[in-house]
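# Okay, here's the prediction I keep looking at, along with the sequence it came from:
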Amino acid sequence: MSEMSAFQRKFLNRAGAVDLFTQEEFDKELELAKQEILQMAIVVTAQSVSIEREICAKIAEKFNQAAADAIRKHKGNITLSEMPDAEP
């Protein structure tokens, strides 16, 4: 698809329908939107992991305070071998 001439853009803009953009302008704005979406996804994912970790720690508190503390302090994945032994 070829770009519109300046005259075509100006003429169509006067119709009041919608703003017209060149492909370059559109691509630039699309890239900015993608970056914003990705940044928001990263923030939301980090928040959800934090919330999940806190809920797991609250459940673990019922059984073992040391395990709950390990869950809260740990960064990344935690394995059962890293958990303190539960006391009956």
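It's in.
# Tell me, how many residues neighbour residue 71?
Each residue near residue 71 was counted by other C-beta atoms under 10 Å, and the total is 21. C-beta coordinates here come from the backbone N, C-alpha and C atoms, glycine included.
# That one in helix, strand or coil?
In the three-state summary, residue 71 is assigned as helix, counting by DSSP: H, G, I helix; E, B strand; the rest coil.
# buried stuff in the helix or strand harbouring residue 60?
Using DSSP states H and E, residue 60 sits in helix 23-61. Taking 16 or more other C-beta atoms under 10 Å as the basis for neighbour counts, the residues of helix 23-61 that come out buried are 53, 57, 60.
# Redo those residues as JSON lines? Include distance to residue 32 and pLDDT.
As requested, the buried residues of helix 23-61 are exported to JSON lines (distance: C-beta to C-beta, whole Å; pLDDT from 0 to 100):
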{"residue": "53", "distance to residue 32": "32", "pLDDT": "86"}
{"residue": "57", "distance to residue 32": "38", "pLDDT": "83"}
{"residue": "60", "distance to residue 32": "42", "pLDDT": "78"}
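# Any stretches of the protein with poor pLDDT?
Within the chain, the segments meeting pLDDT under 70 span 1-2, 4, 8, 11-20, 75-88.
# run the last query once more with 50
Where the chain drops to pLDDT under 50, the residues are 1, 86-88.
# picking up where we left off before, and the helix holding residue 60, what does it pack against?
Of the remaining helices and strands, those touching helix 23-61 by 3 or more C-beta pairs under 8 Å, 6 or more residues apart in numbering; DSSP states H and E are helix 65-73.
# Against residue 58, how distant is the closest residue to residue 54 other than its chain neighbours?
By the measure of C-beta to C-beta, 6 or more residues apart in numbering, the closest residue to residue 54 outside its immediate chain neighbours is residue 72, 7.1 Å from it. The gap separating residue 72 from residue 58 is 10 Å, by C-beta to C-beta, to the nearest Å.
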